[in-house]
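J.: Dropping a prediction and its sequence here:
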Amino acid sequence: MGETVAELRGIAAGYGERVVLHEIDFALHRGQVVAIMGGSGSGKTTLLRLLTGQIAPRQGTGRVLGMSLSQMSQRDRYRLRRRLGMLFQFGALFTDLNVFENVAFPLREHTQLPEAMIRDLVWLKLEAVGLRGAAELFPAELSGGMARRVALARAVALDPELILYDEPFAGLDPISLATIGTLIRRLNDALGAASVVVTHDVAESLAIVDYVYFVSRGRIVAQGTPDAIRAAQDPFVRQFVHGEIDGPAPFHYPAPPLIRQLREAQP
Amino acid sequence: MVRNRWDVAVGLFVLLGIGALFFLAFQVSSSATVRLGGETIRVVALFDNIGGLKVKAPVKSAGVLVGRVAAIRLDPTSYRAEVTLELTKSIPFPKDTSAAILTAGLLGEQYIGLEAGSDERNLADGDRLLLTQSALVFEKLIGQFLTGKAAE
Amino acid sequence: MISALARLGQFTISAVTRLGLAARFLVAILVQSGMTFRRVPLLVRDLFFTGFLSLVIIAVSGAFVGLVLGLQGYDTLQRFGSETALGGVVALSLLRELGPVVAALLFASRAGSAMAAEIGLMKATEQLESMDVMAINPIARVIAPKFWAGVIAMPLLAALFSAVGILGGWFIGVVVIGVDHGTFWSQMQNAVDFETDVLNGVIKSAVFGVIVTWIALFQGWGCLPTAEGVSRAITKTVVFAALAVLAADFILTALMFMGR
């Protein structure tokens, strides 16, 4: 087990008046790819935002890449973020720049490297995701899967120590799914980094990750290796992993009994 | 490269804008200070009534611009209007020059007309013009006309 | 009755809150303006989109307004036998009011709405957030250059509008109708004072530039990240900017031209 890259203890966090996460204990080590799974609105994305410093914990302690998450100044946040990379759900590529310029962006902004070196680095990153030939295209000309791969190249442009993925598998065809999954694992190992994948795609993620955290309604209800999760007894985890339509997450939206509604509707 | 095209276009835009500003500054407008140019002296004149004279109104002699009205205030001891004139140094006026408030056209704006005197000494900065003629006030004109008519 | 009052109260409170947010937004822009001036290419890019691309609409509108002023001005003045004053009338109307105000309204519709749309779209597609997570301040990198581009472009565009308008008035008055060429320009020079008329017009257009650009950027920045949100941001930009410009024009005119 490598050194600790991120650690959260007893964290509570939220937005404004709302507390979204309760009593979160989370640990991430170098070399690991960890999945955070759960239904929509369970708090997964909030957890990611904690790790990037976009929201601060209200309770508990957290450390990411050796920096404390409480009482961060804007400068601290930016210092942390220079060492991590994040892939947003639909890529979030800059639409007025082409593929090459998008990947070059963090290099140009954060380093003083000569143009020739930047060019080589960009090509290497694009080669790693298989899109070196698309360097001149603009985001509008890319398919969803390709855009996401370019965004991935951009996220690892500065060789980050921590890579975060927000729903990287959402809306992709089977080939792209497999590609992204492979790239997540491959890049993590090549860079010697640690990765956190927020997703509700069970099949793809269980195939590539080392550890899973299951979040429901702001709490971690289960955690373990992929095998442990597949064999889990918790009813919600079972429903999620096996794709059952009814269980702790009910099929029916709360409503009065049907008989009563039919009777009352009669003229 | 796109960048170079932008640079050219923006340069052109800024040039056009500044060109327009120059056009407005020199072809379209005149500045009270710009037109006088060079050094000036300040003299003071007292009037019973300045009519519609405003600050920055022209001071002319024989119809030629020689200065501007710099300030107007009521002298609290004599209750007359004290007008400060800024005259260009390039044209010296004798000490007994007279100042009258005249109207440009029939109902135009009012200005000060200077008539040079015959004194050998010239006006210096801070001097006072002794001979002045106030503005013609419309009501007084009518009053004079009616009195004149009544006398006939 | 009570609920109408309550709604009015709520509306006022939310309006004041929005105004406070907008003020903090402006302060943030000013604080983060260093990058704009250290990296001039950023400013140049936005000057191209706000300034250069507005040239056509400003010039054409200025020409038409000048032509109309010439026509209407001549028609009215010759009733009082004062058609020689046409040059002064056209120039003063444009320099003091029509130039800064109409140019600002056109700027709001063209460049302002484009800015609001661009920022809104960047917000909706998480581009601004991803920039923030890449440790690059989006206000410094994206918003501030646009702000300064608008503030710089606006007075230049207003001056161009006035200049083209005056030429339009000259064309109608001198070339078409037959007012004496020399009289037209000399009467104009007599009537127009550089400090009072031209400079005040430039000051007005600078103030309008700040207002329009500020409103456009704020609406784009704070819009809901949906297609509908962006569209509403554009509409609000044009409406609020127009109203704010007209209100500011009244205040500035009162300050500049009353008690002369």
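T.: Cool, the structure landed. Model, not experiment: these values are computed from the prediction.

J.: CA only for contacts and neighbour counts going forward, please
T.: Fine.

J.: Only the buried residues of the top helix by length along chain A, if you could.
T.: For chain A, the longest helix by residue count, based on DSSP state H, is helix A:174-191. Buried residues in helix A:174-191, counted by 16 or more other C-alpha atoms under 10 Å in any protein chain shown: A:176, A:177, A:179, A:180, A:181, A:182, A:183, A:184, A:185, A:187, A:188, A:189.

J.: Walk me through the regions of the stretch 151-260 of chain C where pLDDT falls short of the threshold, as ranges.
T.: Scanning the stretch 151-260 of chain C for pLDDT under 70 picks out the ranges C:259-260.

J.: shaky segments in chain B?
T.: Along chain B, segments meeting pLDDT under 70 span B:1-3, B:31-38, B:106-108.

J.: per-domain residue ranges of it.
T.: For chain B, the structural domains run B:1-30, B:32-143, going by automatic domain parsing.

J.: Let me see the ranges of the helices in the chain.
T.: Picking chain A for this. Ranges of helices in chain A, per DSSP H, are A:44-52, A:74-81, A:99-110, A:115-128, A:144-155, A:174-191, A:202-208, A:226-230, A:235-242, A:258-265.

J.: other chain: chain B
T.: Under DSSP H, chain B gives helices at B:2-23, B:32-36, B:138-151.

J.: Ranking those by mean neighbour count, which comes first?
T.: Greatest average neighbour count among the helices of chain B goes to helix B:2-23 (a mean of 16), per mean count of other C-alpha atoms under 10 Å in any protein chain shown.

J.: And chain C, is that one touching that?
T.: Yes - judged by C-alpha under 8 Å from any C-alpha of the partner chain, helix B:2-23 comes into contact with chain C at B:3, B:6-7, B:9-10, B:13-14, B:16-18, B:20-21, B:23.

J.: I'd say residue A:24 and residue A:7 touch.
T.: No - in terms of C-alpha atoms under 8 Å, residue A:24 does not count as a neighbour of residue A:7; the distance is 10.0 Å.

J.: any chance of the domains of chain B in TSV, with distance to residue C:6 too?
T.: Formatted as TSV, those follow (distance: least, C-alpha to C-alpha, whole Å):
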stretch	distance to residue C:6
domain B:1-30	50
domain B:32-143	53
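
J.: which stretch among those domains comes nearest chain A?
T.: domain B:1-30 (11.4 Å; C-alpha to the nearest C-alpha).

J.: measure the closest residue to chain A within the stretch 151-260 of chain C to chain B for me?
T.: When scored by C-alpha to the nearest C-alpha, the stretch 151-260 of chain C has residue C:225 as its residue closest to chain A, at 12.8 Å. Using C-alpha to the nearest C-alpha, to the nearest Å, residue C:225 is found at 30 Å from chain B.

J.: how about that residue, secondary structure?
T.: coil (DSSP: H, G, I helix; E, B strand; the rest coil).

J.: quick one: it from residue C:125, how far?
T.: As judged by C-alpha to C-alpha, to the nearest Å, residue C:225 and residue C:125 stand 7 Å apart.

J.: Tell me which of those two has more neighbours.
T.: residue C:125 (20 against 17; other C-alpha atoms under 10 Å in any protein chain shown).

J.: Figure out the helix or strand that residue C:130 lives in.
T.: Assessed by DSSP states H and E, residue C:130 sits inside helix C:127-133.

J.: Show me what that helix packs onto, helices and strands only.
T.: strand A:84-87, helix C:138 (3 or more C-alpha pairs under 8 Å, 6 or more residues apart in numbering or on different chains; DSSP states H and E).

J.: now, of the ones you listed, which is deepest in the fold?
T.: strand A:84-87 (a mean of 26).

J.: Residue 130: how many residues sit nearby?
T.: Assuming you mean chain A. 17.

J.: think we crossed wires, I meant chain C
T.: 24.

J.: go on, residue C:136?
T.: Residue C:136 has 20 neighbouring residues, counting by other C-alpha under 10 Å.

J.: right, is the longest strand along chain B up against chain C?
T.: What stands out as the longest strand in chain B, according to DSSP state E, is strand B:64-75. No - figure legend: strand B:64-75 not in contact with chain C (C-alpha under 8 Å from any C-alpha); closest approach 11.6 Å.

J.: what sits up against that strand?
T.: For strand B:64-75, the surrounding residues in contact (C-alpha atoms under 8 Å, 6 or more residues apart in numbering or on different chains) are B:32, B:36, B:54-60, B:80-88, B:91.

J.: at 7 Å what do you get?
T.: B:36, B:55-60, B:80-88 (C-alpha atoms under 7 Å, 6 or more residues apart in numbering or on different chains).

J.: same question, stretch B:121-139
T.: By C-alpha under 7 Å, 6+ apart, stretch B:121-139 touches B:41-51, B:92-102.

J.: Can you measure across it, start residue to end residue?
T.: 39 Å.

J.: roughly how far out does that stretch sit from the chain middle?
T.: 13 Å (C-alpha atoms, centre = their mean, to the nearest Å).

J.: Could you report the separation of the residue of chain A found nearest chain B from residue A:105?
T.: Distances between chain A and chain B by C-alpha to the nearest C-alpha are smallest at residue A:97, namely 11.4 Å. With the distance defined as C-alpha to C-alpha, residue A:97 ends up 9 Å from residue A:105.

J.: Chain C contacts on chain A?
T.: Residues of chain A lying close to chain C (C-alpha under 7 Å from any C-alpha of the partner chain) are A:52, A:78, A:81, A:82, A:92, A:93, A:94.

J.: what's the burial count for the fifth one?
T.: Going back to what we said before, that points to residue A:92. Neighbours around residue A:92, by other C-alpha under 10 Å: 23.

J.: who's in contact with it?
T.: Contacts of residue A:92 by C-alpha under 7 Å, 6+ apart are C:125, C:126, C:127, C:130.

J.: and what of the first one?
T.: Applying C-alpha under 7 Å, 6+ apart to residue A:52 gives the contacts A:81, C:133.

J.: per-residue confidence at it?
T.: With respect to pLDDT, residue A:52 scores 93.

J.: buried residues in the lowest-mean-pLDDT helix or strand in chain A?
T.: Least confident helix or strand, chain A: helix A:235-242 with a mean of 84, by mean pLDDT, DSSP states H and E. By neighbour count with 16+ other C-alpha under 10 Å, helix A:235-242 contains the buried residues A:236, A:237, A:238, A:239, A:240, A:241.
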